[in-house]
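Asker: no sequence on this one, just coordinates:
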């Protein structure tokens, strides 16, 4: 009779899967195949693809000092760009010859639209810029364009010129053929150039000027098209070949002199084929080197591109393409750290899955049931990969962290489904097919509702904007995909397998093994203990809630001093050293000090390689020559091969440098930072902005702040964004006298540029390569302002004799700013610093800084603003608090719709503050700080911890409906019945996340606080839920009944809860505690 009604009674998705086992297996195989297909195509990276709402505008005006650029370029750009829509901040950096404007927009802004709007505003400002300035450039800030691979090349026999030429002209074209490579940049070494060193006395004797020599070189070194010679059968193109074919032709260039004579260039100048003067040094482990930098295309796989580049270099080296004397070493390869980080998260997920399955095996005591639950995990994971691929997500530590966090959640729905099906088969003695239909139909509505509750907690995160949303969006999506995948598996694969496997007559007998028997007896004893003490708990229910409130207050007290940060530091072993010398220091002095610091680093342990740049900085193919600046990039061995973290190593090296002492120099050691991740506009964890008009006063205030904050625990490397006024040579031309002599500012300026740095007159071509031809005066002739006054100038008046610069100009020493910073159209001095996380968190350091600066009195018109990572912490904490509120509200809405009641949802929501107790205790016990991952963990907990309370409240109402139980008795009995499954599901979830909470492997620092907060919150809330929820149920339901009686005048009747969709009346069920005992004793 039952079989005849089956098609009519069971029409849901589980029934379809049960009736069609072969079809279900085939559809599941499609999911498995598609999962592996999408998995193979998912890009592998460290972080999700983050597009910052930032645009950069740059204008170059060579040779112009910062104060002039501020008036002629910076203010005009700011005025035009300030009207750009959704703009929140304008930052301007002005250096000699260059102005850079950064536009920061609200998170969530369409950056392409903002770029168009800013471009239109920039067009309006073009007409107001100086004529001699280069055209402005505008572009988006894209962290995907950061280098993914860097290598250094050295040779014991070759000079740096030939070494650079080989890397640039032989090796670079080979690397450009690698799929996914966007650019290959070469920096360092020396570049060949032809130097024409003029003899002033000989020029004077022949009556030649510097301009004539430069113009003569330019006009002679060119090929001029001569047109075509055509006939009826052929056509020939002609040209005048005038380019220099060798250096001797340059020496033989004939220059016209007064009186109709001619003189070869070699008579008035020395022509040398050599390298450009070295003012910047690059070394790898103390050996001069050339640096090669690889950037990938935006959509390319970082690991695949870096691996292919590395493999090609090894192949070229082994095939003989690379000369035996040239050696290379990788100084930065993101692929290694990314792979290790992703593998660490993957291993955490696998280990968590194994631990969760071990818990399932212990509780169920059945290999057959454990197999069904274990099969649900990989199928749900592969289904998640399908949705990730369709959603254009990437494999990174964030998205895989979502899988690792959700691995324990993946089996909860499957456990509920399996448990109910086997209960029907073993207790009601139904045939396997009917038991699967009946058991699945009872719980499918509950599973859908539970999944809706989980999703309701995390979906609000997708509605906000901000840096946290950019970073963790893929984690939320991955967890949501995993929850949906696990629901589909629980509704299809699990009932189908259960209906088939329950037919097997073989059993393993694990349930009769002594450890399992002892475990079951222990659980029964625990249940009996709960039944004995439960009535007392209910009797003292107000005291129970009071104790819970005190525990919540205690957890708050424990966490008050933990500090806060936006994101934990990730130890990838990349440590930086910044070297800054006082203004006026020479590049040679910077190189000497850099060499001493290198020697100190050589004495430190756990160092893999050291790359040094002295006399400036290298940026891809660009070179910034700054005499008093240098940097050292240190790559430590992986964290698994050293007993100390990078923070401790940084402290040790900084201490050694401080003990050695370098007079006047500022040398800071910086801890690792996550590449491509900017948590503040300044790029530093600590930032203090001082606004005012006078640069000197700003500098004084900055020095005072640095002095007051010196010695703050955890604060390192606090420095000013601008240097002290640097020495300069001022040349004031007597315009009237210069005009009388036939001189103008342009002619004088070109002669002085030639005297000091040389002038590139033309380019010499050899073997399809071009080299500068630089006209210059002997550098050794100019070492002081007085020497500069002796530079010979050549008036244009007929017969005018050469005169000295000192005759028409005043030459003297002065000082001037090296750079000017502006924010929101006001001058600002920015102090930036680093944090040593091992000593103190960012929030703690900022509090200490505020305390030290509390007594600082600023002059009128000057203000101080705290920025840095604290700004991101404030903004994202505000956003995440909104998300927590929305999550709780949506969970309440889902529960209210589910129960058609307002009281029971309030009872269930009591578990959320209980979870905060566990979060606080876990953070305090592990010494973790508050951060964005912790708040994200609280959001996830809002959807997880209510599940146990939902089942507990459901069974309370079930027992009340069955009759024979008072409200207090039903609350105790429901807790006893649900004790075992609540502990089981909690342990599977906690053990699934435990490896991630332990922080095993590289890159695990990012996800560890999230896992710690979830594990701690779930464990403590589960323990308290068994006592607080029954107490809250009794209190709130009695209060609700009393309120209803007072409002209506009628005494409330026995509650008749509405069954959930897909459930049969609870009265048809047998007692659940006997069901569970039968389930674990019947075995396979």
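Answerer: Thanks, I have the structure now. Since the structure is predicted, the reported quantities are computational estimates derived from the model, not experimental observations.
Asker: what's the distance between the longest helix belonging to the chain and the middle of its chain?
Answerer: Taking DSSP state H as the assignment, the helix of the chain that covers the most residues is helix 1008-1048. With Cα atoms, centre = their mean, to the nearest Å as the basis, helix 1008-1048 stands 38 Å off its chain's centre.
Asker: What of stretch 467-478?
Answerer: Centroid separation between stretch 467-478 and its chain, computed with Cα atoms, centre = their mean, is 12 Å.
Asker: Contacts for that stretch next, please.
Answerer: Residues outside stretch 467-478 that contact it (Cβ atoms under 8 Å, 6 or more residues apart in numbering): 47-48, 50-52, 107, 384, 388, 391, 393-394, 396, 398-403, 405-406, 458, 461-462, 566-567, 677, 679, 872, 875-876, 879-880, 932-933, 935-936. Quick note: C-beta positions are derived from backbone N, CA and C, even for glycine.
Asker: For PyMOL, what selects the buried ones among these?
Answerer: A single PyMOL command selects the buried members of the contacts of stretch 467-478 (16 or more other Cβ atoms under 10 Å):
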select buried, resi 47+48+52+107+384+388+393+394+396+398+399+400+401+402+403+405+406+458+461+566+567+677+679+872+875+876+879+880+932+933+935+936
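Asker: Tell me, how many residues neighbour the closest residue to residue 78 other than its chain neighbours?
Answerer: Among residues not flanking residue 78 along the chain, residue 825 sits closest, at 4.9 Å (Cβ to Cβ, 6 or more residues apart in numbering). As a burial measure, residue 825 scores 12 neighbours (other Cβ atoms under 10 Å).
Asker: distance from the centroid: which residue in the protein tops it?
Answerer: residue 259 (70.5 Å; Cα atoms, centre = their mean).
Asker: Compute the first-to-last residue distance for stretch 831-844.
Answerer: 18 Å (Cα to Cα, to the nearest Å).
Asker: what comes up buried for it?
Answerer: So stretch 831-844, judged by 16+ other Cβ under 10 Å, has buried residues 831-837, 839-844.
Asker: now do stretch 225-241
Answerer: Buried-residue list, stretch 225-241, by 16+ other Cβ under 10 Å: empty.
Asker: mind checking how far that stretch is from the chain centre?
Answerer: Distance, stretch centre to chain centre, for stretch 225-241: 60 Å (Cα atoms, centre = their mean).
Asker: tell me the mean pLDDT over that stretch?
Answerer: Across stretch 225-241, the average pLDDT comes to 73.
Asker: Now tell me what touches that stretch from outside.
Answerer: Residues from elsewhere that reach stretch 225-241 (Cβ under 8 Å, 6+ apart): 223-224.
Asker: likewise stretch 540-549?
Answerer: Taking Cβ under 8 Å, 6+ apart as the rule, stretch 540-549 contacts 537, 913-914, 917, 1024, 1027-1028, 1030-1032, 1034-1035.
Asker: what's the most distant pair in those?
Answerer: For the contacts of stretch 540-549, with distances taken as Cβ to Cβ, the pair at the greatest spread is 917 and 1034 (21.1 Å).
Asker: which of those two has more neighbours?
Answerer: Taking other Cβ under 10 Å, residue 917 and residue 1034 do not tie; residue 917 has more neighbours (25 against 22).
Asker: My guess is the residue nearest to residue 78 contacts residue 82. True?
Answerer: Yes: counting by Cβ atoms under 8 Å, residue 82 is a contact partner of residue 825 at 6.8 Å.
Asker: where do the contact lists of these two overlap?
Answerer: In contact with both residue 825 and residue 82: residue 90, using Cβ under 8 Å, 6+ apart.
Asker: what bridges to residue 770?
Answerer: As for beta bridges, residue 770 partners with residue 765 under DSSP bridges.
Asker: what about it, neighbour count?
Answerer: Going by other Cβ under 10 Å, the residues that sit close to residue 770 add up to 10.
Asker: On the three-state scheme, the residue nearest to residue 214 when sequence neighbours are not counted is what?
Answerer: Once flanking residues are discounted, residue 214 sits nearest to residue 761: 4.5 Å by Cβ to Cβ, 6+ apart. Look at residue 761: counting by DSSP: H, G, I helix; E, B strand; the rest coil, its state is strand.
Asker: show me the residues around residue 761 that make contact.
Answerer: By Cβ under 8 Å, 6+ apart, the neighbours of residue 761 are 196, 213-214, 217-218, 773-775.
Asker: Could you check how far it is from residue 661?
Answerer: 46 Å (Cβ to Cβ, to the nearest Å).
Asker: Repeat that for residue 609.
Answerer: 27 Å.
Asker: Tell me which of the two has more neighbours.
Answerer: residue 609 (15 against 8).
Asker: just checking, that one touches residue 328?
Answerer: No: if you go by Cβ under 8 Å, residue 609 and residue 328 don't touch, sitting 11.4 Å apart.
Asker: Show me where the stretch 251-400 of the chain has its helices.
Answerer: 302-318, 334-364, 367-390, 397-406 (DSSP state H, counting those that start in this stretch).
Asker: Give me the mean pLDDT for the one helix or strand residue 518 maps to.
Answerer: Using DSSP states H and E, residue 518 sits within helix 514-539. In this model, helix 514-539 carries a mean pLDDT of 84.
Asker: between that helix and helix 334-364, how many degrees?
Answerer: 80 degrees (axes from the mean of the first three to the mean of the last three Cα atoms, to 10 degrees).
Asker: Buried residues, stretch 345-352. List them.
Answerer: Using 16+ other Cβ under 10 Å as the test for burial, stretch 345-352 gives 345-349, 351-352.
Asker: just stretch 523-531 next, same as before
Answerer: 523, 527, 530-531.
Asker: try stretch 515-524
Answerer: Residues of stretch 515-524 classed as buried by neighbour count (16+ other Cβ under 10 Å): 516, 520, 523.
Asker: can I get those in JSON lines with distance to residue 697?
Answerer: Output for the buried residues of stretch 515-524, formatted as JSON lines (distance: Cβ to Cβ, whole Å):
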{"residue": "516", "distance to residue 697": "78"}
{"residue": "520", "distance to residue 697": "78"}
{"residue": "523", "distance to residue 697": "74"}
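Asker: Tell me the one of those residues nearest residue 35?
Answerer: Checking the buried residues of stretch 515-524 one by one against residue 35 (Cβ to Cβ), the nearest turns out to be residue 516, at 34.1 Å.
Asker: Grab the nearest non-local neighbour of the closest one.
Answerer: In space, residue 516 is closest to residue 365, 4.5 Å off (Cβ to Cβ, 6+ apart).
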